[in-house]
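1. Here is my input, please return the structure:
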Amino acid sequence: MTISLGVVMDPISAIHYKKDSTLAMLLEAQQRGYAIYYMEQTDLFCRDTEPMARMRSLQVKADPVNWFALGEIQRLPLAQLDVILMRKDPPFDENYIYTTHLLELAEQRGCMVINRPQSLRDANEKLFTLQFPQCIPPTLVSARPELIREFLTEQHDIIVKPLGAMGGASIFRLTDTDPNINVVLEIMTQHGSRLVMVQRYLPEVVKGDKRILLIDGEPVPYALARIPAVGETRANLAVGGRGEGIALSERDRWICTQVAPVLRARGLLFVGLDVIGDYLTEINITSPTCIRELDSQYGLNISGMLLDRIESTLRKLHAN
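-> Sure thing, here's the model as predicted:
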């Protein structure tokens, strides 16, 4: 049986060929003979109660200059697909939420959606960490500048970050002697009207902000330690961090065991944990990355591991 796979993603023409994890998944799917269909978020629509999309057949190539070819637009029900990869990057805005509702309709009609649409809505990548208090550093979520200042007085050195961004965007480090405390908090909380997450600064970040990939709760045995550039607090690759592969530590594996049962229960098949030192700082569920870097450094095939699990799940669904 040929598996039909749809992917919802940002424009494929604009991806970073060498680093893009979605492309790695698609190359593996094509290698296995899948029929692949490409969609952007605005291609999804619903006619009466039928979730549909303007989708195009997609061919991908391991070619850094010419890595894709698209077929003609077809208007097809999403339920004709066996599986859909929801790989649209944040921001997690209203359109993203509406998209998960349409994908949920497809899921109700028998299409496997990764990750599960309801869980994409429910499990904010920052706030989800609060489900695991035994794993996280001292943390505050608030829109109130005075509460953040109190937290800063206690911790002396903090990170302030928005709840809906990615790639290190709009992340600030503040110390209790910083002259810009007030203006940073005004901007980040929009004068006390927007929630932000505040965490104690973890100096271990200089050794790397580790991205640990989990497939159905099982961790890949190596993490990508993203090391900040000189003079930079943020370690994200998108802002100049350098990636070095490292084996998982005993603490890393323990954190994975704490998180895994909840991921499985929520249908979060492909997840990226961010761990600094001994602490879990984020749980990436929208479009986790770092597949290609780890594959390259360790000769892995993480996309193959993911598709093996998808195929196993589809066989069980069809058997029922």
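
2. what number of residues lie near I148?
-> Neighbouring residues of I148 were enumerated by other Cβ atoms under 10 Å; the total is 24. Quick note: C-beta positions are derived from backbone N, CA and C, even for glycine.

3. swap that for V8, sorry
-> With neighbours defined by other Cβ under 10 Å, the count for V8 comes to 25.

4. do R253 as well
-> Around R253 there are 12 other residues, counting by other Cβ under 10 Å.

5. so what secondary structure elements neighbour the helix or strand where it lies?
-> When secondary structure is defined using DSSP states H and E, the element that contains R253 is helix 250-265. Packed against helix 250-265 by the contact rule (3 or more Cβ pairs under 8 Å, 6 or more residues apart in numbering; DSSP states H and E) you find strand 209-215, strand 218-219, strand 270-276, strand 279-284.

6. what's the closest of these to I97?
-> Closest approach to I97 among the helices and strands packed on helix 250-265 (Cβ to Cβ): strand 279-284, 17.5 Å.

7. Parallel or antiparallel, list what pairs with the closest one.
-> Sheet neighbours of strand 279-284, with direction, are listed as strand 270-276 (antiparallel) (DSSP bridges).

8. List the buried residues of the helix holding R253.
-> By 16 or more other Cβ atoms under 10 Å, the buried positions in helix 250-265 come out as 252, 255-256, 259-260, 262-263.

9. Residues contacting that helix, please?
-> Judged by Cβ atoms under 8 Å, 6 or more residues apart in numbering, the contacts made with helix 250-265 from elsewhere in the structure are 131-132, 134-135, 210, 212, 214, 216-219, 223, 248, 271, 273, 275, 278, 280, 283.

10. let's see it at 7 Å
-> Defining contact as Cβ atoms under 7 Å, 6 or more residues apart in numbering, one finds that helix 250-265 is touched by 131-132, 134-135, 210, 212, 214, 216-217, 219, 223, 271, 273, 275, 278, 280, 283.

11. what's the answer for stretch 140-159, then?
-> Surrounding stretch 140-159, the residues in contact under the criterion Cβ under 7 Å, 6+ apart are 127, 138, 171, 173-176, 181, 185, 189, 192-195, 197-201.

12. Mind pulling the model confidence for G243?
-> The score at G243 is 84. That number is its pLDDT.

13. Mind telling me what element it is part of?
-> Residue-wise, G243 maps onto strand 242-247 under DSSP H and E.

14. Sheet-wise, list the partners of that strand with their directions.
-> Strand pairing for strand 242-247, using DSSP bridges, gives strand 222-227 (antiparallel).

15. gap between the closest residue to Q30 other than its chain neighbours and P288?
-> The spatial neighbour of Q30 that comes closest, neighbours along the chain excluded (Cβ to Cβ, 6 or more residues apart in numbering), is V60 at 5.6 Å. Computed as Cβ to Cβ, to the nearest Å, the V60 to P288 distance reads 19 Å.

16. That concludes my questions; thank you for your assistance.
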